[in-house]
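Visitor: I'll drop the sequence and a predicted model, then ask my questions.
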Amino acid sequence: MKSERLNLLPDKAGQPISICGKSLIADSLGAIYWPAEQTLLVADLHLEKASAYAGTGALLPPYDTRETLIRLAETIDRYAPRCVIALGDSFHDADAAQRINAEDLERLDILQEDREWIWLSGNHDASIAARFGGRVAAVIKLAGITLRHQPVAGCATHEIAGHLHPAARLSRYGTSILRPCFVANNRRLIMPAFGAFTGGLNVLDDAFLPLFGNGGMAVWMLGQDGLYAVATRLLSRD
């Protein structure tokens, strides 16, 4: 069988995409910028995850929150959004407010200056401490699209969600890589986890079947040097 050549060209920052009839920019760091709404979307920051694990005896460096906030600051500087919406699981647990250090809390305060900030609640952070600023909601609608943490298979409207930490695996010439990715069809967009200390679930896993079925899905992988659009026929299962 003749091997299929893999020829992928990355976009260095972001790639314009159309989802649910809306023009968006998928950023190579894992965010979505919505120009018409001047809104930046991020999902699954999982701030203070390492400190939560450290509390159970795991030997982990406590720098994941700082790295995530630095990357978030870079993304905000790139697009200067009027509004930032975090799509749930922004904090790894309800006690994150007690563990976050003062310097990282100040970083978060600075990021919120002069813009609207909305935390959507997730399964890890059903309640979000007031000290983190912004306002909290379970689900919101923006320009006809439902924004929520966990995608709903029978959703009657278009949606953008997180929760699943989608990742795509490429296996070529004896090498296999798994990278976070955006995955979408004409009904929904599932965003990758933005946090520095988060895992990924292969988009070919059965967990995605209720959302995408066996039909077409568009996949954009996050690479070290940009964003890659990848045909699903090239993807591998775990």
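Guide: Sure thing, it's come through. Numbers count the residues shown, from 1 in each chain.

Visitor: for the chain, where's the lowest mean pLDDT among helices and strands?
Guide: helix 49-54 (a mean of 65; mean pLDDT, DSSP states H and E).

Visitor: Where does the prediction get shaky in the protein?
Guide: Applying pLDDT under 70 to the chain flags residues 1-12, 50, 52-62, 125-126, 215.

Visitor: so how far is residue 32 from residue 235?
Guide: Applying C-beta to C-beta, to the nearest Å, the value for residue 235 to residue 32 is 21 Å. Heads up, the C-betas are built off the backbone N, CA and C, glycines and all.

Visitor: who's more crowded, the two?
Guide: residue 32 (25 against 18; other C-beta atoms under 10 Å).

Visitor: in whichever helix in the chain runs longest, what's buried?
Guide: Using DSSP state H to define each element, the chain has its longest helix at helix 64-79. Neighbour-count burial for helix 64-79 flags 64-66, 68-69, 71-72, 75-76, 78-79 (criterion: 16 or more other C-beta atoms under 10 Å).

Visitor: Give me the contact list for that helix.
Guide: Residues from elsewhere that reach helix 64-79, judged by C-beta atoms under 8 Å, 6 or more residues apart in numbering: 13-14, 25, 27, 29, 31, 33, 40, 42, 45-51, 84, 100-101, 103-104, 107-108, 110-111, 194-197.

Visitor: Mind giving me the ChimeraX select for those residues, buried ones only?
Guide: Buried residues among the contacts of helix 64-79 (16+ other C-beta under 10 Å), as a ChimeraX selection:
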select :14,25,27,29,31,33,40,42,45,46,47,48,49,50,51,84,100,104,107,108,111,194,195,196,197
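
Visitor: Inside strands: which ones of the contacts of helix 64-79?
Guide: The strands, defined by DSSP state E, take in 14, 25, 27, 33, 40, 42, 84 from those.

Visitor: Distance to residue 230 for those residues - can I get that in a markdown table?
Guide: A markdown table is the format used below for these (distance: C-beta to C-beta, whole Å):
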| residue | distance to residue 230 |
| --- | --- |
| 14 | 16 |
| 25 | 18 |
| 27 | 17 |
| 33 | 21 |
| 40 | 24 |
| 42 | 22 |
| 84 | 28 |
